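# Would you be able to build a 3D model of this:
(chains A and B)
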2 protein chains.
Amino acid sequence: MLRITYQLTCAPHEEPHAKAEDIALEQTAEMPRNTVAGDVAARLIGTVEMVERLDGDRWSAVIAYDDEAAGADVLQLVNLMFGGISMKSGIGITDLELSPAWLAALPGPAYGIAGLRALCGVPRRPLLCTAIKPMGLSAGRLADLAYHFARGGLDVVKDDHGVTSQASAPFAERVGRCQEAVARANAETGGRALYFPNVTGTAPQLEERLETARAAGCRGVLVSPLLQGLDAVRAMAVSSGLAILSHPTLAGVFFHGDHGISPGVLFGKLYRLIGADGVIYPNPGGRFQMSDGAARAINENLRAPWGGLRPAMPVPGGGMDAARVPHWADLYGPDTMFLVGSSLYAQGDVERAARRLRETVERLIWRPAPAPPSPRPAA
Amino acid sequence: MLRITYQLTCAPHEEPHAKAEDIALEQTAEMPRNTVAGDVAARLIGTVEMVERLDGDRWSAVIAYDDEAAGADVLQLVNLMFGGISMKSGIGITDLELSPAWLAALPGPAYGIAGLRALCGVPRRPLLCTAIKPMGLSAGRLADLAYHFARGGLDVVKDDHGVTSQASAPFAERVGRCQEAVARANAETGGRALYFPNVTGTAPQLEERLETARAAGCRGVLVSPLLQGLDAVRAMAVSSGLAILSHPTLAGVFFHGDHGISPGVLFGKLYRLIGADGVIYPNPGGRFQMSDGAARAINENLRAPWGGLRPAMPVPGGGMDAARVPHWADLYGPDTMFLVGSSLYAQGDVERAARRLRETVERLIWRPAPAPPSPRPAA
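Below you'll find the model as predicted:
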């Protein structure tokens, strides 16, 4: 059995129990109940287990589905969750509970929080990440940025999600030069910065890009699950040997108004389920829209015990002000990777800006008795 | 150059020109304009070409982007169109214009309207399609349904999008039995019905499922692009040799409120661009929400001349009442495939229901001088 919790917003003509029953039918049999054979109806049409009022016209409903309805893969799971009803209205998914059997079938993050920390050689403090950009720079100029960010002491230097394989910086050339630049910076500083190239690309290119990244010595990559396909990311996590940082591009379509999948479920559960070791999401107060509650739910879901899945690292970004990192670190705890981009570029000398950020975070962390890596670090 | 037309809904504090400039920057450089090197800014930041009021707080804006910003693949095109701004608000994409070079790089539908007609042996009348369902039926029971629909004279019998590879009807067994059942019906009636299995599945499974379908003698398949990944569909269209029918599952997330990608652009342009020969969409008045104007835009975009791309077949469905098919056929013209599901099941004897629908459509079509297949058939 898997259970999905929905927030229903009922129009005046809608009765909440009927709306829940309609979802249970639409997402499984997809035909009038009286035309479904009895044995199949009993087994596969979702069971409405609970409907209760939240406030005004908003209701919470829980529907249980047989594991078979979700098939055997994450694509059919998403189809079951929101496929058909995406074209209805007033339905938001606020939680997802999977059976032990289903969870056991998906290995989840190959590295997770502990693995990313080991790759970076950073046992306790928050990790620091930035993006090299903008698209249109040559591979040499992007590599130069990567070099200075690495020298400044950031842990992960990733491509911007719009940097793919433009003629200005073709993938193989860019990866070779950026990886070399970061290795050179590490050799000079004794640091362990990592370069994660954006491998998002055509279906035939993906495998080739992963191979190029591995051959160059990269230990991880950036990918956009909603572009690449959720299962393509799962397959990468299983077989690439590389750490995976997921990018949230396009995800905003799920978050608007009263109809969609909540950020806590999409980023906190689905992205972890497909094996993202670090999950980038738009932080509240940045360039994008995200509530404090949504960010908290993402962090909690990524880190909480969940079957045998490793905890994944929350990576708030999207207009993260370097000066506010201490505030967010206090709030989110040390098992967080802060993605700081524009606010470093705005300081002009990116190496100096990165170094200042690193020093700030070092000071913060060594202050109190550091919390051990745990699912719910104390604030 | 590619051009995107946006409908901006401005909050009281938003100025439409500034909002358009913000989009042009967010979707390309993704960093403050004054931190972007001059040569890159001039080439890659989008150019706001037009901003004009539609009514009240709604504005139309056109932004032109260098082809390089869209990289060389459809994933980066979608990223450029709506990736970052999906997490903002009040932005709707209402049109997309690609350069001849970009269009030439994507072959689009391998069959298109004419190719589907040839496969079905139906030169002029609208095509008829149904879905075998629900999930949970055994392969034998699904095959029995396929047999009767084919005997009734429907042109395409496809799997429901929720029928993947459940234990009750594993993919290979289902495809073998359904294809055999349809072939048997054809042998009995002299018809040419086709069975299109749903191949949507894990990344490693996809190629295997296509091979299984081909080996069984299927001429086309059903796939859900937003689950499988848009580029995976493009790759199928290029190399599978099979006709592709796209399913709209999950697409509703793009259509809610004033923020998203319009159905005319998503179904009418993007799905055609990745090579769907037939594009299923939720028809107005059915179980889902779709306006008459949106349906018209989908139909027009799928059929209109567009670079060297073959016209694709509109496939309205999602609660299409068999009794209303004449109405929609009149409105949409003959180059349409009508997907009728539940309304046939509700009649009990599906073979008889299918035959009655086929006869209705035959009568309709041979009535006036039939319109030739053309981008804009007369009503």
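# which non-adjacent residue is nearest A:Phe338?
In space, and not counting its chain neighbours, A:Phe338 is closest to A:Val325: 5.3 Å by CB to CB, 6 or more residues apart in numbering or on different chains. Using the backbone N, CA and C atoms, a C-beta is placed for each residue, glycine as well.
# Name the residues of the helix or strand hosting that neighbour that are buried.
Per DSSP states H and E, A:Val325 falls inside helix A:325-332. Neighbour counts over helix A:325-332 (16 or more other CB atoms under 10 Å in any protein chain shown) mark A:Val325, A:Trp328, A:Ala329, A:Tyr332 as buried.
# roughly how far is the following helix or strand past it from the heart of the chain?
Of the helices and strands lying after helix A:325-332 in sequence (DSSP H and E), the nearest is strand A:337-339. Strand A:337-339 has its C-alpha centroid displaced from the chain centroid by 12 Å (CA atoms, centre = their mean, to the nearest Å).
# Check which strands are paired with strand A:337-339 and give the direction for each one.
Partners of strand A:337-339 in the sheet, by DSSP bridges, are strand A:127-132 (parallel).
# How about the residue of the stretch 151-300 of chain A found nearest chain B, nearest residue that isn't a chain neighbour?
Across the stretch 151-300 of chain A, the shortest distance to chain B (CB to the nearest CB) belongs to A:Gly229, at 2.5 Å. Closest residue to A:Gly229 apart from its sequence neighbours, by CB to CB, 6+ apart: B:Gly229 at 2.5 Å.
# Contact partners for A:Arg358?
By CB atoms under 8 Å, 6 or more residues apart in numbering or on different chains, A:Arg358 lies in contact with A:Leu128, A:Gly152, A:Gly153, A:Leu154.
# middle-most residue in chain A, spatially?
A:Val279 (3.0 Å; CA atoms, centre = their mean).
# Please state the offset of the stretch of helix or strand that residue belongs to from the chain centre?
Per DSSP H and E, A:Val279 falls inside strand A:278-282. Centroid separation for strand A:278-282 versus its chain: 5 Å, with CA atoms, centre = their mean.
# Please apply the same query to stretch A:36-45.
On CA atoms, centre = their mean, the centre of stretch A:36-45 falls 36 Å from the chain's centre.
# That one and chain B, any residue contact?
Yes: applying CB under 8 Å from any CB of the partner chain, one finds stretch A:36-45 touching chain B at A:Val36, A:Ala37, A:Val40, A:Arg43, A:Leu44.
# now stretch A:64-76
Yes: Stretch A:64-76 reaches chain B (CB under 8 Å from any CB) through A:Glu68, A:Ala69, A:Gly71, A:Ala72, A:Asp73, A:Val74, A:Leu75, A:Gln76.
# out of everything not next to it in sequence, what's closest to A:Gly191?
Among residues not flanking A:Gly191 along the chain, A:Gly153 sits closest, at 6.2 Å (CB to CB, 6+ apart).
# is it true that the one you found touches A:Ala354?
Yes: contact between A:Gly153 and A:Ala354 holds when scored by CB atoms under 8 Å: they sit 6.0 Å apart.
# Correct me if wrong: the residue nearest to A:Gly229 contacts A:Gly201.
No: the criterion here is CB under 8 Å, and B:Gly229 misses it with A:Gly201 at 10.8 Å.
# what's the overlap in contacts for these two?
Contacts common to B:Gly229 and A:Gly201, judged by CB under 8 Å, 6+ apart, are A:Gln228, B:Leu75.
# And for the residue of the stretch 151-300 of chain A closest to chain B, the neighbour number?
30 (other CB atoms under 10 Å in any protein chain shown).
# Next: A:Leu309.
21.
# tell me the SS of A:Gly92?
With DSSP: H, G, I helix; E, B strand; the rest coil as the basis, A:Gly92 sits in strand.
# Please, where are all the strands along the stretch 51-200 of chain A?
For the stretch 51-200 of chain A, applying DSSP state E, counting those that start in this stretch gives strands covering A:58-65, A:91-97, A:127-132, A:156-159, A:194-196.
# Would you mind measuring from A:Ser240 to B:Asp22?
A:Ser240 sits 36 Å away from B:Asp22, going by CB to CB, to the nearest Å.
# before we move on, the earlier item: what residues are up against the residue nearest to A:Phe338?
A:Pro126, A:Phe338, A:Val340, A:Leu357, A:Thr360, A:Val361.
# The second one pairs with what?
On the basis of DSSP bridges, A:Phe338 is bridged to A:Leu128.
# show me what contacts A:Gly252?
With CB under 8 Å, 6+ apart, A:Gly252 has these contacts: A:Pro282, A:Phe288, A:Gln289, B:Ile85, B:Ser86, B:Met87, B:Lys88, B:His259.
# cool, A:Arg324 as well?
By CB under 8 Å, 6+ apart, the residues touching A:Arg324 are A:Gly285.
# and the gap between it and chain B?
As defined by CB to the nearest CB, to the nearest Å, A:Arg324 lies at a distance of 17 Å from chain B.
# Please apply the same query to A:Arg117.
In terms of CB to the nearest CB, A:Arg117 sits 28 Å off from chain B.
# now swap in A:Met87 and tell me
Using CB to the nearest CB, A:Met87 is found at 3 Å from chain B.
# That residue contacts B:Phe288, correct?
Yes: in this structure, A:Met87 is within contact of B:Phe288 by CB under 8 Å, at 3.7 Å.
# Please say which of the two ends up with more neighbours.
Taking other CB under 10 Å, A:Met87 and B:Phe288 do not tie; A:Met87 has more neighbours (27 against 23).
# for chain A, what helix or strand is lowest in average pLDDT?
Least confident helix or strand, chain A: helix A:38-44 with a mean of 90, by mean pLDDT, DSSP states H and E.
# Can you list the buried residues in that one?
Buried-residue list, helix A:38-44, by 16+ other CB under 10 Å: A:Val40, A:Ala41, A:Leu44.
# Equivalent analysis for stretch A:166-174, please.
By neighbour count on 16+ other CB under 10 Å, the buried set for stretch A:166-174 is A:Gln166, A:Ser168, A:Ala169, A:Phe171, A:Ala172, A:Arg174.
# Pull up the residues of the stretch 251-379 of chain A that are close to chain B.
Proximity of the stretch 251-379 of chain A to chain B, by CB under 8 Å from any CB, involves residues A:251-257, A:259-260, A:282, A:287-290, A:318, A:341-342, A:345-346.
# and if we set it to 10 Å?
Residues of the stretch 251-379 of chain A lying close to chain B (CB under 10 Å from any CB of the partner chain) are A:251-261, A:263, A:281-282, A:286-290, A:318, A:341-348, A:350.
# Tell me which stretches of the stretch 251-379 of chain A form helices.
Ranges of helices within the stretch 251-379 of chain A are A:263-265, A:271-273, A:292-303, A:325-332, A:342-345, A:350-365, based on DSSP state H, counting those that start in this stretch.
# what mean pLDDT does the last one have?
By that I understand helix A:350-365. For helix A:350-365, mean pLDDT is 94.
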